[in-house]
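Asks: Please find the sequence and the predicted model below.
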Amino acid sequence: MMNKHELKEVLQNGVVTVVFTKVDGSERSMKCTLLPEYLPQDVAPGQQLLTEVLPKAENPNILAVWDIESQGWRSFRVDSVKTLLT
């Protein structure tokens, strides 16, 4: 399967349905992207709506994406991805 850099590149170029295994073992399908026109301008992944925001350290095994259907930031483990549907 793809590494984090490759997945990020695909998501920066379109809306993709990612099928992955959640931590609890169940399977999830998520329509997501990293295309700038879909991303909110006020909150970046790993940030909260607080007056003082401390960014999270980036985890090399986790990818944060914009969930198109939920309209929010979600993340998944790169090694849990089963399929990408474009």
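Replies: Looks like it arrived, so ask away. All of these numbers come straight from a predicted model, not from anything done at the bench. Residues are numbered from 1 along each chain as shown.
Asks: Point to the residue nearest the middle of this structure.
Replies: Taking Cα atoms, centre = their mean, the centroid of the chain lies closest to V65, which sits 2.1 Å from it.
Asks: Just give the nearest non-adjacent residue to it, would you?
Replies: Spatial nearest neighbour of V65, chain neighbours left out: C32 (4.0 Å); criterion: Cβ to Cβ, 6 or more residues apart in numbering. C-beta coordinates here come from the backbone N, C-alpha and C atoms, glycine included.
Asks: Please, which helix or strand holds C32?
Replies: Element membership for C32, per DSSP states H and E: strand 27-33.
Asks: And V10, by the same measure?
Replies: Here V10, judged by DSSP H and E, is contained in helix 4-11.
Asks: what's the spacing between the closest residue to V78 other than its chain neighbours and E37?
Replies: With Cβ to Cβ, 6+ apart as the criterion, V78 has its nearest non-adjacent residue at 4.8 Å, and that residue is K4. K4 sits 22 Å away from E37, going by Cβ to Cβ, to the nearest Å.
Asks: The two: who's more crowded?
Replies: K4 (16 against 5; other Cβ atoms under 10 Å).
Asks: That one contacts N59, correct?
Replies: No - applying Cβ atoms under 8 Å, one finds K4 not in contact with N59, separated by 9.5 Å.
Asks: pLDDT wise, what is the residue nearest to L11 when sequence neighbours are not counted at?
Replies: Closest residue to L11 apart from its sequence neighbours, by Cβ to Cβ, 6+ apart: L34 at 4.1 Å. Per-residue pLDDT puts L34 at 94.
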